[in-house]
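> Only the shape, not the letters, is given here:
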């Protein structure tokens, strides 16, 4: 109020003998303008000083900005930013009233949603902890459904059930659409929240509404339990003619490469003549683990090419040494996805192994996973991958060299597994062919090696 008082006093009319009234008026007006300007400057400074705390960002808003920056710097397809007005989405998210952790997470999720990429997502602390536990190969409490988002419409579908899980016991198959979880729509929840709803305390139940590929909607009640992931399983297959090794990998978690190495050494010590690699219902996991397993079967050969926002990088090569270089066949299905497709594509393109089964799932995107400052996680699609021959797997999958008869066996590796028996017959026939060729010729070692590894010749034998 002092400012107003001074202004009014100094601007009062001035009169006196011998002073030109016009000059007095001009002088008074000049003083008025000067004081008003001075006052406005002081008033502006006051507003800035008062307003500064209002615009200071709290911890939640800082987390929103941190998430926006990470996506902005690494996302595979930055052309989407202009389409969704990415900077405006940031501003809108920051301006939200954010006072709780839930407010933060909802703001980030709403900011990411217009990108239309279900794999670029926020993982709330509990979901992030569950994912890390899964990648470490430990047990999980839930129903054992591995989920993915169908690219053409974003529908949440079953990639595969975990072996020995409630979902597997209920005979839920790959490609089944998940329509609701305890009455909540996966379309509303999103991929990660849907998965979280399926996990829970051992002994509790969850009701799921499903639409299998047959098209008939069905409701199932599943009881949650502790599911042992056991990502690597192996045994010896013996028949009248041959001794073979069977190696099944259901997930590429952190310890898988070491477990695979141990399994191959154990099988080799038992004198196996060939190997059946089973990648059915392997929904992926850590790409680094998938690459390490590919390295066990390939020698100085390309494994995969990656396509980032700045172009296609050189193929990642395998080392010279291999753990197993004998005859092998690989079984895949529509539950074979992501890192397992990298492995299958590398084996096929390098003519190292024939692929049997059905077309794979078609998830050819790679996500980076960053721990945020509050313990939540942010998954960002940073690359897509191509097989060594340049095939794009996203949405397309990998066509096996030989399609096996449907319906697909529900218990991979079991006694009634027809696909495994087909694989045994095929690899046995190839071993017999090699044994007939060896004593019958004066061929060089190089020519004999072509017989054992030439995928095109193998395709002619089985078609």
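Cool, got the structure. All figures in this text were calculated on a predicted structure; none of them were measured in a lab. Numbering: from 1, shown residues only.
> ok, the closest residue in space to residue 286 that isn't next to it in sequence - contacts?
In space, residue 286 comes closest to residue 252 once its chain neighbours are excluded; the distance is 5.2 Å by CB to CB, 6 or more residues apart in numbering. C-beta: built from backbone N, CA, C; applies to glycine. If you count contacts by CB atoms under 8 Å, 6 or more residues apart in numbering, residue 252 has them with 231, 282, 284, 285, 286, 287, 289, 290, 293, 339, 340.
> If we use 10 Å, what do you get?
Applying CB atoms under 10 Å, 6 or more residues apart in numbering, we find residue 252 in contact with 135, 137, 231, 260, 279, 282-293, 338-340, 342-343.
> do the same with residue 419
Listed by CB under 10 Å, 6+ apart, the contact set of residue 419 reads 276, 278, 280, 331-333, 356-358, 404-405, 408-409, 412-413.
> Please identify which helix or strand holds it.
Of the helices and strands defined by DSSP states H and E, residue 419 is found in helix 418-437.
> In ChimeraX, select just the buried ones from the contacts of residue 419.
In ChimeraX, this line selects whichever of the contacts of residue 419 come out buried by 16 or more other CB atoms under 10 Å:
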select :276,278,280,331,332,333,356,357,358,404,408,409,412,413
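> Which ones among the contacts of residue 419 map onto strands?
Among these, DSSP state E puts 276, 278, 331, 332, 356, 357 in strands.
> Residue 330 versus the first one, what's the distance?
This means residue 276. Distance of residue 276 to residue 330, given as CB to CB, to the nearest Å: 8 Å.
> what's the overlap in contacts for these two?
Joint contacts of residue 276 and residue 330 (CB under 10 Å, 6+ apart) are 247, 353, 356, 423.
> was I right about the first one contacting residue 329?
If I follow you right, that is residue 247. No - using CB atoms under 10 Å, residue 247 is not in contact with residue 329, being 11.2 Å away.
> Looking at these two, which is more packed in?
Using other CB atoms under 10 Å, the more surrounded residue of residue 247 and residue 329 is residue 329, with 27 against 23.
> Can you check what angle separates the host helix or strand of the more buried one from helix 418-437?
Residue 329 is part of strand 328-332, with elements assigned from DSSP H and E. Following axes from the mean of the first three to the mean of the last three CA atoms, to 10 degrees, one obtains 160 degrees for the angle between strand 328-332 and helix 418-437.
> May I see the buried residues of the helix or strand following strand 328-332?
Downstream of strand 328-332, the first helix or strand assigned by DSSP H and E is helix 339-349. For helix 339-349, burial by neighbour count (16+ other CB under 10 Å) applies to 339, 340, 341, 342, 343, 344, 345, 346, 347, 348, 349.
> what about residue 230, how many residues close to it?
15.
> tell me which element it falls in.
With DSSP H and E as the criterion, residue 230 is inside neither a helix nor a strand.
> Ok, the one 5 residues further on next?
Element membership for residue 235 (DSSP H and E) is strand 232-238.
> Each with direction, which strands does whichever helix or strand comes after that strand pair with?
Tracing the chain past strand 232-238, the next element assigned as helix or strand by DSSP H and E is strand 243-249. Strand pairing for strand 243-249, using DSSP bridges, gives strand 232-238 (antiparallel), strand 274-278 (parallel).
> Looking at the ones you listed, which one is packed in the most?
Highest mean neighbour count of the strands paired with strand 243-249: strand 274-278, a mean of 25 (counted as mean count of other CB atoms under 10 Å).
> Now do that one, average pLDDT.
Per-residue pLDDT over strand 274-278 has a mean of 97.
> just to revisit the earlier point, quick check: neighbours shared by residue 247 and residue 329?
275, 276, 277, 278.
> Run through the bridge partners of the second one.
Counting by DSSP bridges, residue 276 forms beta bridges with residue 246, residue 329.
> From here on, call the first residue 167.
I'll keep to 167 as the first residue from here, and by that count the last item is residue 442.
> Give me the distance between it and residue 504.
Using CB to CB, residue 442 is found at 22 Å from residue 504.
> and if you look at the third one?
Applying CB to CB, the value for residue 443 to residue 504 is 17 Å.
> One more: the first one?
Remark: distance between residue 441 and residue 504 (CB to CB) = 22 Å.
> buried ones in stretch 451-471?
Using 16+ other CB under 10 Å as the test for burial, stretch 451-471 gives 451-453, 455-464, 467-471.
> Correction: the previous question concerned stretch 373-387.
Buried residues in stretch 373-387, counting neighbours by 16+ other CB under 10 Å, are found at 374, 375, 376, 377, 378.
> Next: stretch 556-571.
In terms of neighbour count (16+ other CB under 10 Å), stretch 556-571 has its buried residues at 557, 559, 563, 564, 566, 567, 568, 570.
> Could you pull up the mean pLDDT of it?
Averaged across stretch 556-571, the pLDDT comes to 94.
> Go ahead and list the helix or strand containing residue 426.
Under the criterion of DSSP H and E, residue 426 resides in helix 422-435.
> Tell me what angle that helix forms with strand 440-444.
Relative orientation of helix 422-435 versus strand 440-444 (the same axes, to 10 degrees): 150 degrees.
> helices or strands up against helix 422-435?
Packing contacts for helix 422-435, counted by 3 or more CB pairs under 10 Å, 6 or more residues apart in numbering; DSSP states H and E, involve strand 398-404, strand 409-415, strand 440-444, helix 453-463.
> Tell me which of the ones you listed sits nearest to residue 257.
Closest to residue 257 of the helices and strands packed on helix 422-435 is helix 453-463 (CB to CB; 34.2 Å).
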